[in-house]
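[1] pasting the sequence and the predicted coordinates here, then a few questions.
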Amino acid sequence: MKILIIDDETIVRMGIRYAIPWEEYGYEIVGEASNGLEALELAKKYKPEIVLTDIVMPEMNGLDFIEKIKNELPFSKFIIFSCHDDIEFYRKAIKLGVREYIQKSCLTPQEILQAVNEIAKEINFEKIARNELKSEEINNINLIAEEEFLDFIIYGKKNYYQNFINYL
């Protein structure tokens, strides 16, 4: 699954890219951008399924980027990480269908990976519904869905149950 990272702070981009062994989890970082304008070109070229973006950046902010690219990447999912705790940012993010909004002060590799993994599951279930996966990919997801259903039975996790029901 392809991921694009957008942040005007080089150290944040590098941290996200190198703190997690993405390939071990089946992800590919297809690019990094320091603002929304750069990201538009990368997103059009690589068609990432998951985009990790800051909000406040020069030239084009993350929310404006999402608004501009959503029509070209209708099935992509977005995770925002930001230092800003502004209700207007939250509102616009919700309207744009952003899946996660993480405060940078709380940003850890584990939290990022957890958010990406949850969104990746959702994307895979949607791909099954659109008949976009090969049979061997579906078999791998079947195993995951069975494990998630068992997690629900054992731990009572409603989101796993809903994904399993949606999958059926």
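    Yep, that arrived.

[2] okay, CA-based contacts and neighbour counts for the rest of this
    Will do.

[3] check the gap between the residue nearest the centre of the chain and Leu42 for me.
    Residue closest to the mean C-alpha point of the chain, counted by CA atoms, centre = their mean, is Ile50 at 3.7 Å. Distance of Ile50 to Leu42, given as CA to CA, to the nearest Å: 13 Å.

[4] any shared contact partners between those two?
    Common neighbours of Ile50 and Leu42, using CA atoms under 8 Å, 6 or more residues apart in numbering, are Leu4.

[5] what's the neighbour count on Gly36?
    For Gly36, the neighbour count with other CA atoms under 10 Å is 29.

[6] touching, it and Val56? I think so.
    No. The pair Gly36 and Val56 does not pass the contact test of CA atoms under 8 Å, sitting 9.6 Å apart.

[7] so what does Met57 look like in phi/psi?
    When read as degrees, to the nearest 10, the backbone of Met57 gives phi -150, psi 160.

[8] contacts only, for it.
    Per CA under 8 Å, 6+ apart, neighbours of Met57: 7-8, 34-36.

[9] and it, how far is that from Phe125?
    When Met57 is compared with Phe125 (using CA to CA), they lie 33 Å apart.

[10] flag every buried residue along stretch 106-122.
    109, 112-113, 115-116, 119-121 (16 or more other CA atoms under 10 Å).

[11] who touches that stretch?
    1, 16, 19-20, 50, 77, 79, 81, 99-100, 163.

[12] out of those residues, which sit inside strands?
    50, 77, 79, 81, 100 (DSSP state E).

[13] so what's the third one up against?
    Just to be clear, that refers to Ile79. 50-53, 98-102, 115.

[14] among those residues, which two are most distant?
    Farthest-apart pair in the contacts of Ile79 is Ile50 and Ile102; separation 14.7 Å (CA to CA).

[15] ok, for Met1, nearest residue in space, not its chain neighbours?
    Closest residue to Met1 apart from its sequence neighbours, by CA to CA, 6 or more residues apart in numbering: Tyr27 at 4.8 Å.

[16] correct me, but the one you found touches Ile3?
    Yes. If you go by CA under 8 Å, Tyr27 and Ile3 touch, sitting 6.9 Å apart.
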